[in-house]
Structures are given as C-alpha cells and as structure tokens.
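Trainee: I need the structure of the sequence given here:
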Amino acid sequence: MSVELSAEQARRTGLALHPGWRAEYDALVAQRRARSRAAHG
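Mentor: Reported below is the predicted structural model:
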C-alpha cells in the first residue's frame, strides 16, 4: 500500500497524523536511499 493510501486510510478511521509526518517520512526515505547507495556504490 502506498504511503498516500495509508495516510488516507488513517484519516478515515480517525487516526490523527502528526502535522509533519510527510516531511519526516521523506527524510527517512532519503536517508535509506543514501545508505543503500553508499553500501552498493
């Protein structure tokens, strides 16, 4: 399930998301990609 669909489902069920969740998620994805490039580079 994509992150967008997961967030939408959370909202539908009444789960409150942190206002900065997307920026935090994007930062973590960028960190993971950098680690992967370093390991395979």
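Trainee: isn't E24 right up against Q31?
Mentor: No - contact criterion CB atoms under 8 Å: E24 and Q31 do not qualify, at 10.7 Å. Every C-beta, even on glycine, is put in place using the N, C-alpha and C of the backbone.
Trainee: so what's the residue sitting nearest the centre point of the chain closest to, chain neighbours aside?
Mentor: In the chain, the centroid-proximal residue (CA atoms, centre = their mean) is Y25; its distance is 3.1 Å. Nearest residue to Y25, sequence neighbours excluded (CB to CB, 6 or more residues apart in numbering): V3, at 6.2 Å.
Trainee: neighbours around the one you found, how many?
Mentor: Counted with other CB atoms under 10 Å, residues neighbouring V3 total 12.
Trainee: helices of this structure, start to end?
Mentor: In the chain, the segments counted as helices under DSSP state H are 3-12, 21-40.
Trainee: and those helices as JSON lines, adding mean pLDDT?
Mentor: Output for the helices of the chain, formatted as JSON lines (pLDDT from 0 to 100):
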{"stretch": "helix 3-12", "mean pLDDT": "96"}
{"stretch": "helix 21-40", "mean pLDDT": "96"}
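Trainee: wait, doesn't the residue nearest to Y25 sit right on D26?
Mentor: No - the pair V3 / D26 is not scored as a contact, 9.3 Å apart, by CB under 8 Å.
Trainee: so which bits of stretch 10-29 are buried?
Mentor: Neighbour-count burial for stretch 10-29, counted by 16 or more other CB atoms under 10 Å, picks out no residue.
Trainee: quick one: contacts of that stretch?
Mentor: With contacts defined as CB atoms under 8 Å, 6 or more residues apart in numbering, stretch 10-29 is touched by 3, 7.
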